[in-house]
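**Student:** predicted model follows, preceded by the sequence.
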Amino acid sequence: MIQKNPYIEILKLKGSLVDVSVVAINCAILGMWDYRAFFVILAGIMIHSGCDIINDIFDCEIDKICKPQGAIASSRISIKNACLYMLILFSVALLISLHLSFILFLCLLAGIIIGGIMYSHPFFRLKDIPGIAMLNMAVCFGLESIGMWSVYSPLTFDGLLIAAYIFILIFCLTFMKDFKDVDGDINSLPLMVGIRNASKICILLTVIPLIPLIHLVLDKNELYLSVLVYIGLAISCIQILMNDPVSKGKILKNRVVMTLTIPNFAILALEIMSMV
């Protein structure tokens, strides 16, 4: 079965839905989508997956205890083969991006450095610093948004606004993922301020992305439904945060992924419907 293949499993494709949603919202605001959008998605997923492999390589010994079923931790993929696989993914993604846009190439290259090396390498290990880890991810997806926009248009205020929205969205919502691994974490928001206080902070943070989102759809009345979609999904996260975010950590993480992506997909769907 495909889900048992370690070379597929190590890609962690669920998280790549965010890459797809970044492309979706840019296409919606630009009013343009063609084969290039598919290749940007492909390149983004490859970079994201390669960075996840870097993380798994450096976390191999930890994962043997915490996540022994992992592709590398379980020895189904050797570290040597994982490194080769990662280099192939990065190389193909950078070649694709270079063909589409030099700015996209630079943004994805920066993503490898920031989201792969600086996030996971023991010399930097930004993933172990609460707040900075979320900032790291937000910067990477914000850069991906800028790179995507550059494929279709010179960078404008709208392009920067979408990148700012993506940055704020990722930064504000990814704090919630800490609740799932609170028992195995060494340094996280719930451990620093307590589970209840961390829940309150996360509830407040869910409101902030509404500001750039509303601004994005301000001149397009048909897109206001996407704001309601975000509010509905955010409320579903808040309900868990107000009850037991630790025991329901996996459910909360899935809700976070939905909140990060579905409103963006809704914007594209609504834009396409308005043009029919």
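**Tutor:** Alright, I've got the coordinates.

**Student:** got the buried residues for the lowest-mean-pLDDT helix or strand in the chain?
**Tutor:** One helix or strand of the chain scores below all others by mean pLDDT, DSSP states H and E: helix 60-66, with a mean of 76. Buried residues in helix 60-66, counted by 16 or more other C-beta atoms under 10 Å: Cys60, Asp63. Any C-beta I mention is one placed from the backbone N, CA and C, and that applies to glycine too.

**Student:** same thing with stretch 121-140?
**Tutor:** Going by neighbour count (16+ other C-beta under 10 Å), the buried part of stretch 121-140 is Phe124, Leu126, Lys127, Pro130, Ala133, Met134, Leu135, Asn136, Met137, Ala138, Val139, Cys140.

**Student:** what does stretch 242-262 give?
**Tutor:** Going by 16+ other C-beta under 10 Å, stretch 242-262 has these buried residues: 245-246, 248-249, 252-253, 255-262.

**Student:** before we move on, the earlier item: and which of the buried residues of stretch 121-140 is nearest to Gly15?
**Tutor:** Met137 (9.8 Å; C-beta to C-beta).

**Student:** rewinding a little: quick one: which of the buried residues of stretch 242-262 is nearest Thr206?
**Tutor:** Nearest to Thr206 among these is Thr259, at 7.7 Å by C-beta to C-beta.

**Student:** my read: that closest one touches Leu173, true?
**Tutor:** Yes: Thr259 lies in contact with Leu173 (C-beta atoms under 8 Å); the separation is 6.0 Å.

**Student:** rewinding a little: who are the packing partners of the helix or strand just after the least confident helix or strand of the chain?
**Tutor:** Moving toward the C-terminus from helix 60-66, the next helix or strand (DSSP states H and E) is helix 79-100. Applying 3 or more C-beta pairs under 8 Å, 6 or more residues apart in numbering; DSSP states H and E, one finds that helix 79-100 contacts helix 35-58, helix 102-111.

**Student:** centre of the chain to helix 79-100, how far?
**Tutor:** How far helix 79-100 lies from its chain's middle: 19 Å, per C-alpha atoms, centre = their mean, to the nearest Å.

**Student:** okay, helices next: where are they in this structure?
**Tutor:** 6-9, 17-30, 35-58, 60-66, 79-100, 102-111, 119-120, 132-152, 157-173, 189-193, 195-207, 210-216, 224-242, 249-275 (DSSP state H).

**Student:** thinking again about what came up before, may I see the buried residues of stretch 242-262 organised as CSV, with distance to Ser274 and pLDDT added?
**Tutor:** Shown next, in CSV, are the buried residues of stretch 242-262 (distance: C-beta to C-beta, whole Å; pLDDT from 0 to 100):
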residue, distance to Ser274, pLDDT
Pro245, 37, 86
Val246, 42, 84
Lys248, 37, 87
Gly249, 38, 84
Leu252, 33, 90
Lys253, 33, 89
Arg255, 28, 93
Val256, 28, 93
Val257, 26, 93
Met258, 23, 94
Thr259, 23, 94
Leu260, 23, 94
Thr261, 21, 95
Ile262, 18, 94
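
**Student:** which among the residues you listed gets closest to Met118?
**Tutor:** Nearest to Met118 among the buried residues of stretch 242-262, with distances taken as C-beta to C-beta, is Leu260, at 21.8 Å.

**Student:** count of residues packed around His99?
**Tutor:** 13 (other C-beta atoms under 10 Å).

**Student:** can you check the one 3 residues further on too?
**Tutor:** The number of residues packed near Phe102 is 12, by other C-beta under 10 Å.

**Student:** send me the least confident helix or strand of the chain as PDB with only the CA atoms.
**Tutor:** Written as PDB, here are the backbone C-alpha positions of helix 60-66 (Å, rounded to 0.1, in the frame of the first residue of the first chain):
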ATOM      1  CA  CYS A  60      16.800  10.500  14.200                       C
ATOM      2  CA  GLU A  61      18.100   9.500  17.700                       C
ATOM      3  CA  ILE A  62      15.200  11.400  19.400                       C
ATOM      4  CA  ASP A  63      12.700   9.800  17.000                       C
ATOM      5  CA  LYS A  64      13.900   6.300  17.900                       C
ATOM      6  CA  ILE A  65      12.300   7.000  21.300                       C
ATOM      7  CA  CYS A  66       9.500   9.400  20.500                       C
END
